[in-house]
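S.K.: have a look at this prediction, sequence included:
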Amino acid sequence: MAREFTSVGVVGLGTMGAGIVEVLARNGIDVVAVEISAAALERGQATLTRSTDRAVAKGKLDPADRDALLGRVTFAVGLDALHAVDLVIEAVPEHLDLKQRIFAELDRVCKPDAILATNTSSLSVTEISVATSRPNQVIGIHFFNPAPVMKLVEVIRTVVTSADVVADVEALCARLGKVDVTINDRAGFIANALLFGYLNHAVALFESNYASREDIDAAMKLGCGLPMGPLALMDLIGVDTAYEILDTMYRRGGRDRRHAPVPLIKQMVTAGLLGRKSGRGFYTYERPGSPVVVPDEATPDADQA
């Protein structure tokens with residue numbers, strides 16, 4: 001019988017981490033949500049509150065359920081707060097050295113039978129696991145943004161991940177109402193190996209003035225039936241996050257030119273044009289964190305044919 005997780009820790013409360021916290025708490029699991037500083041913790045708490053309030057406003061979540069959800073979450077600064085959880089899911093930026101340091105500390109802090117999971121989008125789960133004394137209890141649990149909405153979760157096993165750990169995580173995904181695909185550890189896994197070559201090429205078309213951002217996105221939405229165009233999706237993911245994923249996949253995945261980041265992506269990151277999170281990316285938004293696009297200097301004139 002699969003293990004039932006009663007308490008789960010989440011490390012890193014950015015857009016993805018806060019979304020994972022919401023998914024877990026929505027499904028009756030007590031969550032310990034951890035950040036590196038009080039300021040970062042406050043931002044993560046605000047992200048969770050905005051998301052749940054938005055769900056209430058749209059009629060997708062009852063106010064009482066929202067309150068119960070938030071009541072299941074304990075916010076804390078520092079990894080020591082995770083000493084009693086059954087599972088930890090790490091959701092910090094895509095830097096191998098950072099993740100290895102966190103996993104080494106989690107190995108020290110967490111109880112011996114706790115499972116340690118990474119939400120990495122592209123890094124080697126194996127390389128992360130060797131920072132611990134329990135690599136057989138390390139696994140990848142890759143949620144997709146926005147985590148409360150997207151059904152897919154990639155479960156990534158290494159060559160030493162215990163079969164019981166894989167089965168326990170697969171059962172957790174089912175409890176959360178997710179559809180899991182279980183794969184071996186490799187750069188980009190499944191979805192990102194396919195997705196980011198497409199996104200990178202869309203940016204190349206935009207950079208070369210092949211078409212406007214609106215036309216590129218409209219072509220994929222209306223021509224291919226996708227819910228969102230590639231440039232709008234880059235803004236949602238985060239231009240900086242997309243750059244890190246592409247760069248990692250390029251360097252660790254055989255230097256496939258499809259994943260070599262288009263220069264414009266790095267330029268945007270340097271300029272702080274990170275997408276929705278910063279209020280401006282390929283599009284301009286009402287405010288940082290808002291999904292509402294507002295006109296800017298690149299917006300086509302409404303009177304144009």
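M.R.: Right, received. Where do you want to start? Note that the structure is a prediction, hence the values are computed from the model and not measured.
S.K.: quick one: residues in contact with the helix or strand bottoming out on mean pLDDT in the chain.
M.R.: Lowest on mean pLDDT, DSSP states H and E among the helices and strands of the chain sits helix 239-252, with a mean of 90. The contact list for helix 239-252 (C-beta atoms under 8 Å, 6 or more residues apart in numbering) reads 93-95, 121-124, 187-188, 192-193, 196, 199-200, 234, 256, 259-261, 265-266, 268-269, 273-275, 281-282. The way it works is simple: take the backbone N, C-alpha and C, and place the C-beta from them, glycine included.
S.K.: among those residues, which are located in helices?
M.R.: 192-193, 196, 199-200, 234, 265-266, 268-269 (DSSP state H).
S.K.: need those in JSON lines with pLDDT, neighbour count and distance to Ala163, can you?
M.R.: Shown next, in JSON lines, are the ones in helices among the contacts of helix 239-252 (pLDDT from 0 to 100; neighbours: other C-beta atoms under 10 Å; distance: C-beta to C-beta, whole Å):
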{"residue": "Asn192", "pLDDT": "86", "neighbour count": "22", "distance to Ala163": "25"}
{"residue": "Ala193", "pLDDT": "86", "neighbour count": "17", "distance to Ala163": "24"}
{"residue": "Phe196", "pLDDT": "93", "neighbour count": "24", "distance to Ala163": "30"}
{"residue": "Leu199", "pLDDT": "97", "neighbour count": "20", "distance to Ala163": "34"}
{"residue": "Asn200", "pLDDT": "97", "neighbour count": "24", "distance to Ala163": "36"}
{"residue": "Met234", "pLDDT": "96", "neighbour count": "29", "distance to Ala163": "37"}
{"residue": "Ile265", "pLDDT": "98", "neighbour count": "22", "distance to Ala163": "39"}
{"residue": "Lys266", "pLDDT": "97", "neighbour count": "15", "distance to Ala163": "41"}
{"residue": "Met268", "pLDDT": "98", "neighbour count": "23", "distance to Ala163": "43"}
{"residue": "Val269", "pLDDT": "97", "neighbour count": "19", "distance to Ala163": "40"}
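S.K.: and these as CSV, adding distance to Ala84?
M.R.: Below are those laid out as CSV (distance: C-beta to C-beta, whole Å):
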residue, distance to Ala84
Asn192, 33
Ala193, 37
Phe196, 37
Leu199, 40
Asn200, 42
Met234, 39
Ile265, 41
Lys266, 42
Met268, 42
Val269, 38
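S.K.: how far away is the residue nearest to Leu61 when sequence neighbours are not counted from Ala163?
M.R.: In space, Leu61 comes closest to Ala55 once its chain neighbours are excluded; the distance is 3.8 Å by C-beta to C-beta, 6 or more residues apart in numbering. For Ala55, the distance to Ala163 (C-beta to C-beta, to the nearest Å) stands at 36 Å.
S.K.: so which residues of the protein form helices?
M.R.: With DSSP H applied, the chain shows helices at 15-26, 38-57, 63-71, 96-109, 125-129, 163-175, 191-207, 213-218, 224, 230-237, 239-252, 263-271, listed in chain order.
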